[in-house]
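**Student:** Sequence first, predicted model second:
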There are 2 protein chains.
Amino acid sequence: MSLRVLGIDPGLTRCGIGVVDVSATRTATLVHVGVIVTPPDLPLEQRLLAIARGIEDVLDSFSPAAVGIERMFAQHNLRTVMGTAQASGVALHLAASRGLTVGLHTPSEVKAAITGYGSADKKQVGTMVAKVLGLSEMPRPADAADALAIALCHAWKGPAVVVRGGALTPAQRAWRAAERAAHV
Amino acid sequence: MSLRVLGIDPGLTRCGIGVVDVSATRTATLVHVGVIVTPPDLPLEQRLLAIARGIEDVLDSFSPAAVGIERMFAQHNLRTVMGTAQASGVALHLAASRGLTVGLHTPSEVKAAITGYGSADKKQVGTMVAKVLGLSEMPRPADAADALAIALCHAWKGPAVVVRGGALTPAQRAWRAAERAAHV
């Protein structure tokens, strides 16, 4: 019994995508990792369409039960933030349109979940992601490693993240069942 | 012969939607106007899903040939910009996924197109929108009037706006045909 989580590191130029299976004992295996790249000379709506199609392909191919997405951060420059926010809007909409639970995680929450240290650098995060998933080297580019880190963070945070209005979501029920199974 | 244009004023709390028919002689009639409202206490992905469904309903019901969307502006506060950008990302993606031509217009371009003055206030824009469309009063709330203004701006700017890579888009062909018809 495991929970399959899609992690998305939204971006207009590079959108990181990672899928992991996390067991009830919180061990994790890599299912898929990739980056959707869109060229800057493509019209904005075509870039967003390409990102949407890439995300939909992954949803269709791997059927994750939950989706973790990086929460927008206020410290970037405004131009980058806008493209990133537009890509994250598309990702959030697609997840919701399939009835999947969504969790938003700030970069420091993700770093803390993976490395124990909220100010870890990209290399530390990539190294830990590789270690956790038993990979011989860290996933590249950084957007791919970040997407896996977001997926792991989302899975490890477990039900507390996805509690909403008191009722159990499908992911929470899956977790609870998996945890019960692990304790038997 | 007329061109049907959907104008969208993206916003997370209030997303303005306006549909107009614009003839080859540039006269315009109102087809539909509305505002998609989403409550702030709804999870972000559910708000974006509600906005997407509202836009899809309008695309299904009125089959516009082209879509004008407000181009994000750098001067707002970052928190508002992020929600607005996420909503605009969803709108851009939906338009592109249906193969519609999309034009992005800054607020000052829209104001200049409607009132002749790029720094016009909301009341001036609303008054002119009502006058152009032959309405007895200005559309409310302001987001609805702004969406109609964006649609009118997009239609009036005509082919120049949607030229992309040299080839004529369906909207450009429609315009060209309409203009030829008007001159016969």
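**Tutor:** That came through fine.
**Student:** can we go C-alpha only for contacts and neighbour counts from here?
**Tutor:** Noted.
**Student:** and chain A, which residues reach chain B?
**Tutor:** Counting by CA under 8 Å from any CA of the partner chain, chain A comes close to chain B at A:44-46, A:48-49, A:52, A:72, A:74, A:78-79, A:81-83, A:85-90, A:92-97, A:102.
**Student:** Assign residue A:41 to helix, strand or coil.
**Tutor:** Under DSSP: H, G, I helix; E, B strand; the rest coil, residue A:41 falls in the coil class.
**Student:** give me the number of residues near the closest residue to residue A:2 other than its chain neighbours?
**Tutor:** Take residue A:2 and drop its neighbours on the chain: the residue closest to it by CA to CA, 6 or more residues apart in numbering or on different chains is residue A:23, 4.1 Å away. By the criterion of other CA atoms under 10 Å in any protein chain shown, residue A:23 has 19 neighbours.
**Student:** Residue A:24 now?
**Tutor:** Neighbour tally, residue A:24, other CA under 10 Å: 23.
**Student:** so it sits right up against residue A:2, yeah?
**Tutor:** Yes: in this structure residue A:24 lies within contact range of residue A:2 using CA atoms under 8 Å: 6.0 Å.
**Student:** buried subset of the residues of chain A next to chain B?
**Tutor:** A:44-46, A:48-49, A:52, A:72, A:78, A:81-83, A:85-90, A:92-97, A:102 (16 or more other CA atoms under 10 Å in any protein chain shown).
**Student:** Go through the residues you listed and flag which are in helices.
**Tutor:** A:44-46, A:48-49, A:52, A:78, A:81-83, A:85-90, A:92-97 (DSSP state H).
**Student:** Tell me the buried residues in stretch A:24-39?
**Tutor:** A:24, A:26, A:28-30, A:32-38.
**Student:** ok, of these, which one's closest to chain B?
**Tutor:** Lowest distance from chain B to the buried residues of stretch A:24-39 (CA to the nearest CA) belongs to residue A:38, with 13.8 Å.
**Student:** Find the nearest non-adjacent residue to the closest one, please.
**Tutor:** Nearest non-adjacent residue to residue A:38 (CA to CA, 6+ apart): residue A:13, at 5.2 Å.
**Student:** Tell me, how many residues neighbour that neighbour?
**Tutor:** 19.
**Student:** can you check the one 3 residues further on too?
**Tutor:** Residues contacting residue A:16 under the criterion other CA under 10 Å number 26.
**Student:** my read: it touches residue A:32, true?
**Tutor:** No: using CA under 8 Å as the test, residue A:16 is too far from residue A:32 to be in contact (11.0 Å).
**Student:** my read is residue A:7 is in a helix, agree?
**Tutor:** No: Residue A:7: not assigned to a helix; according to three-state DSSP it is strand.
**Student:** What separation do you get for it and chain B?
**Tutor:** 15 Å (CA to the nearest CA, to the nearest Å).
**Student:** Correct me if wrong: that residue contacts residue A:155.
**Tutor:** No: contact criterion CA under 8 Å: residue A:7 and residue A:155 do not qualify, at 9.5 Å.
**Student:** Which one's more surrounded, these two?
**Tutor:** Shown here are residue A:7 and residue A:155; by other CA under 10 Å, residue A:7 has more neighbours (33 against 30).
**Student:** what sits against that one?
**Tutor:** Taking CA atoms under 8 Å, 6 or more residues apart in numbering or on different chains, we find residue A:7 in contact with A:16-19, A:67-69, A:147-152, A:154.
**Student:** In helices, which of those appear?
**Tutor:** A:147-152, A:154.
**Student:** Quick check: of those, which lies closest to chain B?
**Tutor:** Nearest to chain B among the ones in helices among the contacts of residue A:7, with distances taken as CA to the nearest CA, is residue A:154, at 15.8 Å.
**Student:** pLDDT score assigned to the closest one?
**Tutor:** pLDDT, residue A:154: 96.
**Student:** ditto for residue A:84
**Tutor:** At residue A:84, pLDDT is 93.
**Student:** That one - nearest residue in space that isn't next to it in sequence?
**Tutor:** Leaving out its chain neighbours, residue A:84 is closest to residue A:11 (CA to CA, 6+ apart), at 4.5 Å.
**Student:** what about that neighbour, neighbour count?
**Tutor:** 24.
**Student:** three-state assignment of it?
**Tutor:** Per three-state DSSP, residue A:11 ends up coil.
**Student:** I figured it hits residue A:87, correct?
**Tutor:** Yes: using CA under 8 Å, residue A:11 is in contact with residue A:87, at 5.8 Å.
**Student:** Output the lowest mean pLDDT helix or strand found in chain A.
**Tutor:** helix A:159-162 (a mean of 42; mean pLDDT, DSSP states H and E).
**Student:** Low-confidence ranges, chain A, go.
**Tutor:** Scanning chain A for pLDDT under 70 picks out the ranges A:73-77, A:158-184.
**Student:** let's go with 80 and repeat that
**Tutor:** A:1, A:72-80, A:158-184 (pLDDT under 80).
**Student:** Centroid-nearest residue for it?
**Tutor:** The residue lying closest to the centre of chain A (CA atoms, centre = their mean) is residue A:7, at 1.3 Å.
**Student:** And that residue, how close does it get to residue B:140?
**Tutor:** 40 Å (CA to CA, to the nearest Å).
**Student:** okay, how far is it across stretch A:21-39, tip to tip?
**Tutor:** Stretch A:21-39 end-to-end distance (CA to CA) = 31 Å.
**Student:** So what touches that stretch?
**Tutor:** Contacts to stretch A:21-39, defined as CA under 8 Å, 6+ apart, come from residues A:1-5, A:12-20, A:47, A:50-51, A:54, A:132-134, A:141, A:143-144, A:147-148, A:152, A:155-156, A:175, A:178-179, A:181-182.
**Student:** With that, I have no additional questions.
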